[in-house]
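Chemist: quick one: sequence plus predicted model below, questions after.
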Amino acid sequence: MACDGEDMQSCGLLSALYLNGAPHIQNASKALEVLEKTCNKGSNKDCVSAGVLYAAGKEIPKDLGKATTLFQRACDAGEMKGCTLMGTLYERGEGTKKDYLKAMGLYRKSCEQLDALGCTRLAMLFEKGLGIEKDLASALQLYREACKLGEPSACDRQKVLENLQ
């Protein structure tokens, strides 16, 4: 299977094979090469996927600087997973200075665009009072939204908070 960077579907299939195929095919470095090629051609989802590989640093050297750049690029282009993951880096202070307000803004942006994980992460900030006054009612509302969007961990937290009432 060829990937010259122009046929995005072939490139997507090739990167999936390198990441999830049979053990003798798996190769994170080759997957990253393909993902970066398609990211540079405008596939924002592939920017996120490449960023995840850099952030994890399991089969390739960990590079939070590159992960940050890729997540921000995807977020700026409207890929909400990029916003959520960039928010997580700000929340944890990984690859950037810890900044709950920036994390909150990014989570809110992705949640408003119906990204379940973004809603869940925003709810966690409200629940724990990170960067904002603790607000369990807002957290519960956001967990409900994220649960409706299909995030299992949000459903679990929703039940916990409902039992506190």
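Modeler: Good, I have the coordinates.

Chemist: where are the low-confidence patches of this protein?
Modeler: 1-26 (pLDDT under 70).

Chemist: and the gap between the residue nearest the centre of the chain and K66?
Modeler: The structure's the chain has its C-alpha centroid closest to L85; by CA atoms, centre = their mean the separation is 3.4 Å. According to CB to CB, to the nearest Å, L85 stands 13 Å off from K66. In short, each C-beta sits where N, CA and C put it, glycine included.

Chemist: from memory the residue nearest to the centre of the chain sits against F71, does it?
Modeler: Yes. Counting by CB atoms under 8 Å, F71 is a contact partner of L85 at 4.7 Å.

Chemist: joint contacts of the two?
Modeler: Listed as contacting both L85 and F71 by CB atoms under 8 Å, 6 or more residues apart in numbering are V48, G51.

Chemist: just to revisit the earlier point, and for L85 and K66, which residues touch both?
Modeler: The contact sets of L85 and K66 overlap at G51 (CB under 8 Å, 6+ apart).

Chemist: T96 and A137, how far apart?
Modeler: 30 Å.

Chemist: of those two, give the one with the bigger neighbour count.
Modeler: T96 (17 against 10; other CB atoms under 10 Å).

Chemist: isn't that one right next to T88, touching?
Modeler: No. The pair T96 / T88 is not scored as a contact, 10.6 Å apart, by CB under 8 Å.

Chemist: just the buried residues of the strand or helix carrying K102, please?
Modeler: Using DSSP states H and E, K102 sits in helix 100-112. Within helix 100-112, the residues that count as buried by 16 or more other CB atoms under 10 Å are Y100, K102, A103, M104, G105, L106, Y107, R108, K109, S110, C111.

Chemist: ok, K148 - contacts?
Modeler: Counting by CB under 8 Å, 6+ apart, K148 has no contacts.

Chemist: at 10 Å what do you get?
Modeler: Remark: with contacts taken as CB atoms under 10 Å, 6 or more residues apart in numbering, K148 is in contact with L114, A116, C119, A154, C155, Q158.

Chemist: for the first one, give its distance to L101.
Modeler: L114 sits 22 Å away from L101, taking CB to CB as the criterion.
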